[in-house]
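**Student:** Next comes the sequence, and after it the predicted model I'd like to discuss.
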Amino acid sequence: MELSEKVDIVVKNSSGNDNNPLFFILDRRHPELNEYFEQGLKSQNATNFSHLFYMYYLQTFALHLNRYSIRRTGVEFNNKVLIIGYGAVAKCTLPILLRHVNIPLENITIIDFKDKAQDLKAWTSGGLQFFKRKVTPDDLPQILAEYLSAGGLLIDLAWNIDCCEMVQWCHDHNVLYVNTSVEAWDPDAEKFTAGPYEKTLYYRQMKLHELTKDWHEGPTSVVDHGANPGLISHFARQGLVDIARRMIADGIAPDPGHMDGLIREQNFARLAMETGIKVIHCSERDTQISRSPKKVDEFVGTWCIEGLREEGTAPAEIGWGTHEKELPDQAHIPPVGPKNEILLARMGINTWVRSWLPHHEIVGMVIRHGEAFGISDRWTVWNEGRAIYRPTVHYAYLPCDATIASLHELRGRNYELQPKLRILNDREIISGSDILGALLMGHPYKSWWTGSILSIEEAKTLAPGQNATTVQVALGVVTAVMWMIANPKKGFCLPDDLPHECVLEIARPYLGEFYSGPSDWTPLKNRKVYFKENPENDYDYDDVWQFKNFLFVR
Ligand SMILES: NC(=O)c1ccc[n+]([C@@H]2O[C@H](COP(=O)([O-])OP(=O)(O)OC[C@H]3O[C@@H](n4cnc5c(N)ncnc54)[C@H](O)[C@@H]3O)[C@@H](O)[C@H]2O)c1
């Protein structure tokens, strides 16, 4: 397919001055794209190479939208929108959001403490406003009041802005709110004095619960809705339904009518119990590689480096299944709340487990993530105040090679971040994919992985300038926004409170290969004992799904 078949670029001279033309991209078959691109491209200067480069990206984007038949959904939002942070995820989110939701550009404000004016020129010339400002504890309410009003939408894509304060403000001012991770002001402040409980996401969830427990109706807030946490909850539900349907089809469901009823009722906790799921990993391998290798004293990654360091050096958190027989070393049980997690007094980046994704075994890090709380909480079956079923849930993350090397250097630096940080964009990445899914284990098929295998080639056409990782995160944000606009009075929500079919229907065209299928993998399947004298080889062969069998080094 030639570019010329689908897209014409018409250069119009606005003022008779050849040095200052207006650009419009016109798509013959999809005229609705014109308006969208015109908004972004008005007033671009043809002599400026970067603008031409940007136009090339937009053309590729247009082609992709045609090829994949991604449809404009016709959702309208005419109130004010504030986006805090214009980094890797926000850059990727903005064009996809505007593809799906019609928002007048002049209603959108973006703030970032770094100067992003040049990056945003194509949008600001269409009416979007950018301000270089830092959100601090002192001026948060004032900034929100300045750029938002009742009925508006706040999208938090920065880091370390207290989630409780934003949720409270949005509740009080009837504003919709979404973020991709639950954060707090200065998480490093008490890192040497606070106990493991105070340093956890579980602690932040308890604060959010305390804050929101009496809000029966109110403006919708969705926290933790990126890729993981976020889409991973929907992958897990889809995988669970696929397993149950396969059991019914294969004639191995003990009571097929009952199982079918649980699918229809969307009773995921009971369904997980009755299919026999014991463990769920959010298993992710990032195979993206850059043409420019990591240099000494440089941290290279595919998403927020400050965020990865913060969560990676915090305690590992694990949604703790009711089938587990023994606690691992350094395990703490939270003093309050549903106690659905255990908290390890050791860093997530130094806690390694075996896991699996299509089609090989990995060793990944148990970095704390919202899904360990959300999925394990929502998939608990309670009976008279006692948890009678809950799966073990945690992350198993194998980041890209450059990040593995960066983390190793970080350990040598006693966890002081390198002076230079680099998030890889699509021009630097020469190959690779982000393979991200829910690995559901313990049922009759042993393991079952459901998720996204998104290559850099596909990501490039989906969101010019971005990488496979940020596209997946952006879809979490866009789907949450669309659901909130349609459901503005749902109060406080975790990803597990959103309907997975609706989210996946919008997200799927952007996720590359959407894979859902079984594997006979278990954590002991390929295990070889090299040192029989080492007590770490004391595996539990009676129940292969015990946490100690997954641990790479205890
Ligand atoms: N759930 C997920 O799947 C997922 C995945 C990746 C990232 N995230 C989260 O998304 C967020 C953004 O990630 P990213 O990769 O885009 O990070 P990034 O570092 O590329 O971008 C963040 C931007 O926010 C700005 N910023 C930070 N604090 C600010 C403040 N107080 N005031 C104004 N601007 C501020 C920074 O200058 C930066 O430009 C992070 O919280 C990260 O943890 C979630």
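**Tutor:** All right, it came through fine.
**Student:** Closest approach to the ligand from the stretch 151-300 of the chain, which residue is it?
**Tutor:** G226 (2.4 Å; CB to the nearest ligand atom). C-betas here are computed from N, CA, C, even on glycine.
**Student:** Name the residues linked to that residue by a beta bridge.
**Tutor:** Under DSSP bridges, the beta-bridge partners of G226 are G230.
**Student:** hang on, isn't it packed against T180?
**Tutor:** Yes. Between G226 and T180 there is a contact under CB atoms under 8 Å: 3.2 Å.
**Student:** who touches both of those two?
**Tutor:** By CB atoms under 8 Å, 6 or more residues apart in numbering, G226 and T180 have these common neighbours: V89, V473, G476, V477.
**Student:** Okay, and the second one sits in which element?
**Tutor:** Right, V473. helix 468-486 (DSSP states H and E).
**Student:** which intervals of the stretch 201-350 of the chain have sub-threshold pLDDT?
**Tutor:** Nowhere does the stretch 201-350 of the chain drop to pLDDT under 70.
**Student:** So what's the residue count around Y197?
**Tutor:** Y197 is flanked by 17 other residues according to other CB atoms under 10 Å.
**Student:** Among the shared contacts of G226 and T180, which pair sits farthest apart?
**Tutor:** Farthest pair in the shared contacts of G226 and T180 (CB to CB) is V89 and G476. Separation: 9.1 Å.
**Student:** Return every residue with contacts to both of these two.
**Tutor:** By CB under 8 Å, 6+ apart, the residues touching both V89 and G476 are T180, G226.
**Student:** The host helix or strand of H281 vs helix 468-486, what angle?
**Tutor:** Element membership for H281 (DSSP H and E) is strand 279-286. Here strand 279-286 runs at an angle of 120 degrees relative to helix 468-486 (axes from the mean of the first three to the mean of the last three CA atoms, to 10 degrees).
**Student:** and strand 279-286, what does it pack onto?
**Tutor:** strand 352-357, strand 360-365, strand 392-398, strand 433-443 (3 or more CB pairs under 8 Å, 6 or more residues apart in numbering; DSSP states H and E).
**Student:** Check the secondary structure at I155 for me.
**Tutor:** Following DSSP: H, G, I helix; E, B strand; the rest coil, the label given to I155 is strand.
**Student:** which one is it nearest to, not counting chain neighbours?
**Tutor:** Distances taken as CB to CB, 6 or more residues apart in numbering put I83 closest to I155, at 4.6 Å, once the chain neighbours are dropped.
**Student:** isn't K339 right next to I333, touching?
**Tutor:** Yes. Using CB under 8 Å, K339 makes contact with I333 at a distance of 5.9 Å.
**Student:** Can you tell me the closest non-neighbouring residue to S433?
**Tutor:** S455 (4.4 Å).
**Student:** Tell me the confidence at the one you found?
**Tutor:** Looking at S455, its pLDDT stands at 97.
**Student:** how near is it to the ligand?
**Tutor:** Plainly put, S455 is 18 Å away from the ligand if you go by CB to the nearest ligand atom, to the nearest Å.
**Student:** What residues does that residue make contact with?
**Tutor:** Neighbour list for S455: G432, S433, A468, G512 [criterion: CB under 8 Å, 6+ apart].
**Student:** Can you redo these as TSV, where the extra columns are distance to W123 and pLDDT?
**Tutor:** Output for the contacts of S455, formatted as TSV (distance: CB to CB, whole Å; pLDDT from 0 to 100):
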residue	distance to W123	pLDDT
G432	29	97
S433	29	97
A468	23	95
G512	26	95
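**Student:** After the helix holding V473, which helix or strand is next?
**Tutor:** Toward the C-terminus from helix 468-486 - assigned by DSSP H and E - lies strand 492-493.
**Student:** Against which helices or strands is that following strand packed?
**Tutor:** Contact partners of strand 492-493 among helices and strands, from 3+ CB pairs under 8 Å, 6+ apart: strand 221-222.
**Student:** Kindly recompute the last result at 10 Å.
**Tutor:** helix 163-172, helix 201-212, strand 221-222, helix 468-486 (3 or more CB pairs under 10 Å, 6 or more residues apart in numbering; DSSP states H and E).
**Student:** Tell me the buried residues in the last one?
**Tutor:** Going by neighbour count (16 or more other CB atoms under 10 Å), the buried part of helix 468-486 is 468-485.
**Student:** need the residues of the stretch 1-150 of the chain near the ligand, please.
**Tutor:** 84-90, 111-114, 134-135 (CB under 6 Å from any ligand atom).
**Student:** Most neighbours out of those residues, which is it?
**Tutor:** V89 (28 neighbours).
**Student:** Name the SS class of it, please.
**Tutor:** Secondary structure of V89, per three-state DSSP, is helix.
**Student:** Residue of the chain closest to the ligand, please.
**Tutor:** G87 (1.7 Å).
**Student:** re the thing from before, let's have the residues of the stretch 1-150 of the chain next to the ligand in TSV, adding pLDDT.
**Tutor:** Below are these laid out as TSV (pLDDT from 0 to 100):
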residue	pLDDT
I84	98
G85	98
Y86	97
G87	95
A88	92
V89	96
A90	96
I111	98
D112	98
F113	98
K114	98
K134	97
V135	97
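**Student:** of all the residues you listed, which comes closest to A459?
**Tutor:** So of these, ranked by how close each gets to A459 (CB to CB), first place is A88, at 12.0 Å.
**Student:** wait, doesn't the residue of the stretch 151-300 of the chain closest to the ligand sit right on A474?
**Tutor:** Yes. Counting by CB atoms under 10 Å, G226 does reach A474; the two are 8.2 Å apart.
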